[in-house]
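Q: no sequence for this one, just the structure:
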């Protein structure tokens, strides 16, 4: 964030296609949550649940839509159709982290057959292997390793301590955070008659589409044969495990701690909440939502389903089951009482 930056309400409204209500000349130099805002802060309000903060905020400017009324006197607001999106637009354009200058650090090791595009940054102790191809404006941070025959598209950023194994293909405009491993061996081991195991060679690769972001310490295994595929626009959180041969459709959201087992085929626009999982060799339809710690154990054929629990159930069915589980102690007690009554009735009639 640039501490010297100032933005007027008029300028912000121009960028987000909004309308100023209040002082068009008021200026802000930082961003914050509405409850923590100071007079030089820009913030947003999009959920009426937090509307009470509007009455007490010290913010210089608040982004909101037409559904929010009762604006305090003297508070400058900018009305726009999607306040959160507008706020993100301002963050990206003016406050987001700026990539380093384009240079190659003297401690970087770059093999002679590698192709380095224009405007690339290669940080300290980076290794670029044989026949690697980097597109224009690629950023490789300290201690990252890009192994032979891999390709990285233009404007992609590889943060420090990332390992990209051989023959990996990464698209343009991607961001891969520190500690992530792309293309490590899939977990393939065949049992032998004597109880030991033989390692199955993993001779495929990983293909990552355009506009993908991958969090820190995530692992995406190379396929046994063919490719492990991450579709365009996917967002993977920290500590995600994608096994060998998985195909993840475009624009999927995968939260932290999710594990997707080998050869699972996931449709487009799916959302997997934290610590959920998918068994191997199943197919999941487009726009499937999986709740936290839920587990898919068979094919999901209809698109747009919402599932929770493990094994997975449709959300409403799983909620009904939970009600029944909570009532089991009372039901057991009632059954015992009825059994005792029946026993006593038989004794009296005997």
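A: Noted; the coordinates are in hand. Model, not experiment: these values are computed from the prediction.

Q: could you use CA atoms for every contact and neighbour count after this?
A: Will do.

Q: which helix in this structure has the most residues?
A: Scanning the chain for the helix with the most residues, using DSSP state H, yields helix 315-349.

Q: so which elements touch that helix?
A: Judged by 3 or more C-alpha pairs under 8 Å, 6 or more residues apart in numbering; DSSP states H and E, the packing partners of helix 315-349 are strand 306-308.

Q: quick one: strands adjacent to the strand it packs on?
A: Applying DSSP bridges to the sheet, strand 306-308 is found paired with strand 289-290 (parallel), strand 313-314 (antiparallel).

Q: pick the most deeply packed of those strands.
A: strand 289-290 (a mean of 25; mean count of other C-alpha atoms under 10 Å).

Q: what pairs with the very next helix or strand once past that one, parallel or antiparallel?
A: Using DSSP states H and E, the helix or strand that follows strand 289-290 in sequence is strand 295-296. Taking DSSP bridges as the criterion, strand 295-296 sits next to strand 277-278 (parallel) in its sheet.

Q: what about residue 179, neighbour count?
A: Per other C-alpha atoms under 10 Å, the neighbour tally for residue 179 reads 19.

Q: give the contact list for it.
A: Listed by C-alpha atoms under 8 Å, 6 or more residues apart in numbering, the contact partners of residue 179 are 160-163, 216-218.

Q: any regions of the stretch 1-150 of the chain where pLDDT drops low?
A: For the stretch 1-150 of the chain, the stretches with pLDDT under 70 are 1-4.

Q: over to the stretch 151-300 of the chain?
A: Of all residues in the stretch 151-300 of the chain, none has pLDDT under 70.

Q: now do the helices in it.
A: Under the criterion DSSP state H, counting those that start in this stretch, the stretch 151-300 of the chain carries no helices.

Q: helix, strand, or coil at residue 86?
A: At residue 86, secondary structure determined by DSSP: H, G, I helix; E, B strand; the rest coil is helix.

Q: that one contacts residue 14, correct?
A: No: in terms of C-alpha atoms under 8 Å, residue 86 does not count as a neighbour of residue 14; the distance is 10.8 Å.

Q: between those two, tell me which one has more neighbours.
A: More crowded of residue 86 and residue 14, by other C-alpha under 10 Å: residue 86, with 22 against 12.

Q: residues touching residue 203, list them.
A: Contact analysis of residue 203 by C-alpha under 8 Å, 6+ apart lists 222-226.

Q: list buried residues within these.
A: Neighbour-count burial (16 or more other C-alpha atoms under 10 Å) applied to those gives 222-224.

Q: between these, which sits nearest residue 265?
A: Closest approach between the buried ones among the contacts of residue 203 and residue 265, by C-alpha to C-alpha: residue 223, at 13.0 Å.

Q: the closest one reaches residue 206, doesn't it?
A: Yes: contact status for residue 223 versus residue 206: in contact at 6.9 Å, counting by C-alpha under 8 Å.

Q: what's the mean pLDDT across the longest helix of the chain?
A: The average of the pLDDT scores along helix 315-349 is 81.

Q: circling back to that earlier point, would you turn the buried ones among the contacts of residue 203 into TSV with distance to residue 310?
A: Output for the buried ones among the contacts of residue 203, formatted as TSV (distance: C-alpha to C-alpha, whole Å):
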residue	distance to residue 310
222	27
223	27
224	28
